[in-house]
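pasted the sequence and its predicted model underneath.
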Amino acid sequence: MAKIYSENSIKNIENLEPREETVNFLLNYSKALSVINCNKMKFEALLN
């Protein structure tokens, strides 16, 4: 695993910024997601 990551790629992580489309997608997804608890089980429903 150590060979996969280089010092250059670690330095580039600081400059990463998500696109506005990505942020909007994640926000809309989280707004539509509903978790239902039923008898110690969890059901995830996407209310779209």
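Now that the structure is in, tell me what you want to look at. Residues are numbered from 1 along each chain as shown.

where do the strands sit along the chain?
Using DSSP state E, the strands assigned to the chain run over residues 33-38, 41-46.

among the ones you listed, which is nearest residue 22?
strand 33-38 (16.5 Å; C-beta to C-beta). The way it works is simple: take the backbone N, C-alpha and C, and place the C-beta from them, glycine included.

mean pLDDT, distance to residue 20 and mean neighbour count for the strands of the chain - can I get that in a markdown table?
Putting the strands of the chain into a markdown table (pLDDT from 0 to 100; distance: least, C-beta to C-beta, whole Å; neighbours: other C-beta atoms under 10 Å) gives the following:
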| stretch | mean pLDDT | distance to residue 20 | mean neighbour count |
| --- | --- | --- | --- |
| strand 33-38 | 91 | 20 | 9 |
| strand 41-46 | 91 | 22 | 8 |
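
all helices of the protein, in order?
Applying DSSP state H to the chain gives helices spanning 7-12, 20-32.

any idea which of the ones you listed has the lowest pLDDT on average?
For these, mean pLDDT drops lowest on helix 7-12, to a mean of 59.

possible to save the strands of the chain as CSV with distance to residue 18?
Output for those, formatted as CSV (distance: least, C-beta to C-beta, whole Å):
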stretch, distance to residue 18
strand 33-38, 19
strand 41-46, 21
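
closest to residue 17 out of those?
When the strands of the chain are compared by C-beta to C-beta, strand 33-38 sits nearest residue 17, at 24.4 Å.

pull up the pairing partners for the closest one, direction included.
Applying DSSP bridges, strand 33-38 is found paired with strand 41-46 (antiparallel).

all set, thanks.
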